[in-house]
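J.: have a look at this prediction, sequence included:
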Amino acid sequence: MLNLIVVLPFISALLMALLYLQNTEAKRYWLYTIIGVGTALLITLLSLTLLYNAINGMPTLHTTLFTWIRLGDLDIKLAFMADRLSLVMIGFITFIGSLIHIYAAGYMKDDEAYGKFFSYFNLFMGSMLLLVLGDNPIIMFIGWELVGVCSYLLIGFYHHESANIKAANKAFMLNRVGDFGFIMGISLLFIALEGHGFSFNAIEENISLISTPMLTLIGFLLFVGAMGKSAQIPLYVWLPDAMAGPTPVSALIHAATMVTAGVYMVARFSFVYIQVPDVGLFIASIGAASALLAAIIASYQSDIKKILAYSTMSQLGYMFIAVGLGAYSSGIFHVLTHAFFKALLFMGAGAVIIAMHHEQNIFKMGNLKKRLKLVYITMFIATLAISGIPPFAGFFSKDAILVTAFASQHYIIWGVASLTAGLTAFYMFRLLFIVFHGEAKSQKTLQYLPRSMTYPLVVLAFGSTFAGFLGLGEGYGNSQLINTFLQLPDLHHHLSHATEYMLGAMSVFFALFGMTLAYIMFAHKTQEPQADSFVKRVIIKKFYVDEVYETLFIKPLLLLSHFIAKVLDPKLFDGIIQLSIFIYIGLSIRFRKLQNAKVHFYALYFLLGLSFMSLYLLYKLGVTL
Amino acid sequence: MTPNLFFLLASLLFSIGLVGVVSRRNLFVVYMSIELMLSSVNLVFATLSRLLGDAGGSTMAILLIAVIAAEAALFLAIIIHLYRQSKTLDSDLFSDLKERT
């Protein structure tokens, strides 16, 4: 069953790819829909069954498909492990994935490459499940790379525009930087274990063999991989550009699942990070900085998808604060709730974009609340959830993280995170008010939205409302279902209920403050942000990070390649080759004089040759004259 | 008569033939020089046959004379043919295999 969950999407991806390649022109809407969405629904059913079994006390599942590599100590099996962490992950990945598949069937309906899209989409599902279910870091890494490939393919899906291809390449290359760190970390881990097995269980048992400095390095390198995949400072610049892909892709890959792979990885390696709290603190600091930076940038963006992209980065920052400070369950809990409300936000945004005839600038929308009632209500719920207004899902998961930060006495991180919470409410409500309230900017008739695009929103809205009750903190009834279920090595801090209530009240206050501010500023008159002061200009230009990277990395690289292409290669390497050619030409000019087509000269060479041969023979035979 | 004189004569004839082949351009002279060299070899055969009392050398010499006669017929035919084609016997002018420059 476990094997089936991973293998099925790959098979259907292959099937659809073959069908698509067999005839790229054919309109086979229902065929592709049945295969693509059907597979997603099937694996959802299987995953939820497994999750249900695990809740009823099923122990960790291990299955092996086959042995892949066996070289001395290196014994890599294509094996899967379904412990409680990965089951929670596949549960929501397949569930939300299926909803987005259904949504995509509506969103992509008129696309020429519909079959290709679903082939990629199923390939992504398979890769993501491979990543989550892999029994050893190598299999995890394969999944990790495959989701990167799918992300690349889907960002560049509208490949007729060169900007999209550029965005896809940017995402791919920045992920390579991160993956380099990741693979170094895995290799070091393998070397340090000295052949004591390489499955996650074996690593956990033998973790005491590794010295602390080595473990610190491994933990850091693995986190470099997470920085790339989960868009944290300094490798985050690809995520906003990744919004060039179709909106379902942004919802599935760049919001709900793939970008949270870094958080999952840290939770999966929690037995490493629990030993090196310094690296954990570093992770939490990076997370806090990313959260704040992204929230500031998001407050001045005007592209609806870019705002959501920065918001994703900001929420990922929260997750890293949690896992960095040792609250792995809270991190995964936020991954879960975030998947619900962020997928919902993206799908709502996609619906708005479709309805507005592919308009993405929020300042060209307005007063859509009557005309897109269902989208408005569901997006309102999602916005409440992400802003952390109780009792919606985001409040409980975000509160758990803020409490952890406060209780572990990292007050700076807590302060930054709380400030970000306020900013989150501000920029999310800014988006909501500008798009759905405000004055209408266009009177064009809206495009009709198919039901496959609106019903998934409702399901996700329920999820965004109620998912939070899975992990109520101590002060709110202490159900903590998800924390006890996950069985991760969390660091526990105890806080009095009074402090906890106070923290909760403060975050709600911050959120309400941001919300009110957004209402005052944007609910009635809306204006695109103008770069009229220095600070504003810097923020609108996204702190010039892209430009800085351009001068720091891209320009020197271009200069270097220019130097090699224009100086080193033609002058030095070609020079050596040209020199040998000149030598041959010079020699041939001299030697061709011998071949002058005069018979008696040839006879002379003949004679000379014979003479030398005779002399040699005389010498060899030892004849003395 | 010591056999050394015969060897000396043979070497002389061979050398004259060799110089003729290398230095002369007229095809007839070249041909005659080649014949001269062959004859000198024949002389060595005959001398050694006599010296060692072995009839093999003499047999070889007689056979060689026949071969030389056959070769002469072929050679002369080629020379006549070449002359008919290009009205010259200068070997330097026959350079059809030289690269065109």
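T.: Perfect, I can see it now. Numbering: from 1, shown residues only, chains lettered A, B, ... in the order given.

J.: please make it C-alpha for all contacts and neighbour counts, starting now.
T.: Will do.

J.: torsion angles phi and psi at A:Leu325?
T.: When read as degrees, to the nearest 10, the backbone of A:Leu325 gives phi -90, psi 10.

J.: report the contact partners of it.
T.: Shown in contact with A:Leu325 (Cα atoms under 8 Å, 6 or more residues apart in numbering or on different chains): A:Pro277, A:Gly280, A:Leu281, A:Ala284, A:Thr404, A:Ala405, A:Ser408, A:Leu491.

J.: burial of the closest residue to chain A within chain B, as a residue count?
T.: For chain B and chain A, the shortest gap (Cα to the nearest Cα) falls at B:Val22, measuring 4.5 Å. Using other Cα atoms under 10 Å in any protein chain shown, B:Val22 is surrounded by 19 other residues.

J.: leaving out chain neighbours, which residue sits closest to it?
T.: Spatially, and ignoring its direct neighbours in sequence, B:Val22 is nearest to A:His600 (4.5 Å; Cα to Cα, 6 or more residues apart in numbering or on different chains).

J.: pretty sure the one you found sits against B:Leu18.
T.: No. Contact criterion Cα atoms under 8 Å: A:His600 and B:Leu18 do not qualify, at 10.2 Å.

J.: can you confirm A:Arg70 is in a strand?
T.: Yes. The assignment for A:Arg70 by DSSP: H, G, I helix; E, B strand; the rest coil puts it in a strand.

J.: apart from its neighbours in sequence, what residue is nearest A:Ala440?
T.: A:Gly366 (4.2 Å).

J.: low pLDDT regions in the chain?
T.: Using chain A here. Residue ranges of chain A with pLDDT under 70: A:473-475, A:477-479, A:625.

J.: that answer is for a different chain, and I need it for chain B
T.: For chain B, applying pLDDT under 70 flags the ranges B:1, B:99-101.

J.: A:Ala461 contacts A:Phe341, doesn't it?
T.: Yes. Contact criterion Cα under 8 Å: A:Ala461 and A:Phe341 qualify, at 7.3 Å.

J.: these two: who's more crowded?
T.: More crowded of A:Ala461 and A:Phe341, by other Cα under 10 Å: A:Phe341, with 32 against 25.

J.: all helices of the stretch 101-250 of chain A, in order?
T.: For the stretch 101-250 of chain A, the helices defined by DSSP state H, counting those that start in this stretch cover A:114-133, A:137-155, A:162-193, A:200-205, A:212-229, A:238-241, A:247-251.

J.: how about those helices in CSV, adding mean neighbour count and distance to B:Ile34?
T.: CSV is the format used below for the helices of the stretch 101-250 of chain A (neighbours: other Cα atoms under 10 Å in any protein chain shown; distance: least, Cα to Cα, whole Å):
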stretch, mean neighbour count, distance to B:Ile34
helix A:114-133, 27, 84
helix A:137-155, 23, 81
helix A:162-193, 19, 80
helix A:200-205, 15, 91
helix A:212-229, 23, 87
helix A:238-241, 23, 88
helix A:247-251, 28, 92
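
J.: which among those is found nearest to chain B?
T.: Evaluated over the helices of the stretch 101-250 of chain A, closeness to chain B peaks at helix A:162-193, with 54.1 Å, by Cα to the nearest Cα.

J.: closest residue of chain A to chain B?
T.: Closest to chain B within chain A is A:His600: 4.5 Å, counting by Cα to the nearest Cα.

J.: doesn't that residue belong to a helix?
T.: Yes. With three-state DSSP as the criterion, A:His600 is part of a helix.

J.: contacts only, for it.
T.: Here A:His600 is in contact with B:Val21, B:Val22, B:Ser23, B:Arg24, B:Arg25 (criterion: Cα under 8 Å, 6+ apart).

J.: show only the entries of those residues found in helices.
T.: B:Val21, B:Val22, B:Ser23 (DSSP state H).

J.: what residues are up against the last one?
T.: It refers to B:Ser23. Going by Cα under 8 Å, 6+ apart, B:Ser23 touches A:His600.

J.: can you tell me the closest non-neighbouring residue to B:Ile79?
T.: Closest residue in space to B:Ile79, ignoring its immediate chain neighbours: B:Leu27 at 7.2 Å, by Cα to Cα, 6+ apart.

J.: against B:Val21, how distant is the one you found?
T.: Distance of B:Leu27 to B:Val21, computed by Cα to Cα, to the nearest Å: 9 Å.

J.: between these two, which one's more packed in?
T.: More crowded of B:Leu27 and B:Val21, by other Cα under 10 Å: B:Val21, with 24 against 21.

J.: could you pull up the residues touching that one?
T.: A:His600, A:Ala603, B:Val29, B:Val30, B:Tyr31, B:Ser33, B:Ile34.

J.: surely the residue of chain B closest to chain A meets A:Leu604?
T.: Yes. Assessed by Cα under 8 Å, B:Val22 is found in contact with A:Leu604 at 5.6 Å.

J.: spit out the contact partners of the most centrally placed residue in chain A.
T.: Centroid-nearest residue in chain A: A:Val259, 3.4 Å away (criterion: Cα atoms, centre = their mean). For A:Val259, the contacting residues are A:Lys229, A:Ser230, A:Ala231, A:Ile253, A:Leu316, by Cα under 8 Å, 6+ apart.

J.: one more time with 10 Å, if that's ok
T.: Counting by Cα atoms under 10 Å, 6 or more residues apart in numbering or on different chains, A:Val259 touches A:147-148, A:226-232, A:239, A:252-253, A:312-313, A:316, A:335.

J.: ok, the residue nearest to A:Leu14 when sequence neighbours are not counted - contacts?
T.: Of all residues not flanking A:Leu14 in the chain, A:Ser119 sits nearest, at 7.0 Å (Cα to Cα, 6+ apart). By Cα under 10 Å, 6+ apart, the residues touching A:Ser119 are A:9-20, A:32, A:35-36, A:113.

J.: of the residues you listed, buried ones?
T.: A:9-17, A:19-20, A:32, A:35-36, A:113 (16 or more other Cα atoms under 10 Å in any protein chain shown).

J.: helices - which of these land there?
T.: A:9-17, A:19-20, A:32, A:35-36.

J.: mind picking the two most distant members of the residues you listed?
T.: Greatest spatial distance among those (Cα to Cα): A:Pro9 and A:Tyr20, at 16.0 Å.

J.: tell me which parts of the stretch 501-625 of chain A are close to chain B?
T.: Within the stretch 501-625 of chain A, the positions adjacent to chain B are A:595-607 by Cα under 10 Å from any Cα of the partner chain.

J.: using a markdown table, lay out those together with distance to A:Asp532.
T.: Output for those, formatted as a markdown table (distance: Cα to Cα, whole Å):
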| residue | distance to A:Asp532 |
| --- | --- |
| A:Gln595 | 84 |
| A:Asn596 | 86 |
| A:Ala597 | 88 |
| A:Lys598 | 91 |
| A:Val599 | 94 |
| A:His600 | 95 |
| A:Phe601 | 92 |
| A:Tyr602 | 92 |
| A:Ala603 | 95 |
| A:Leu604 | 95 |
| A:Tyr605 | 92 |
| A:Phe606 | 94 |
| A:Leu607 | 97 |
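
J.: can you select the buried ones from those in ChimeraX?
T.: In ChimeraX, a selection of the buried entries from these looks like this (16+ other Cα under 10 Å):
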select /A:597,598,599,600,601,603,604
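
J.: chain B: helices as residue ranges?
T.: Under DSSP H, chain B gives helices at B:3-23, B:27-52, B:55-86.

J.: actually the stretch 301-450 of chain A, not the one I typed
T.: A:304-324, A:328-355, A:373-387, A:393-407, A:411-436.

J.: how about the residues of chain B by chain A?
T.: Within chain B, the positions lying close to chain A (Cα under 10 Å from any Cα) are B:18-25, B:27, B:30, B:90-99.

J.: quick check: ChimeraX command selecting the buried ones in these.
T.: To isolate the buried members of the residues of chain B next to chain A in ChimeraX, using 16+ other Cα under 10 Å:
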select /B:18,19,20,21,22,23,24,25,27,30,91
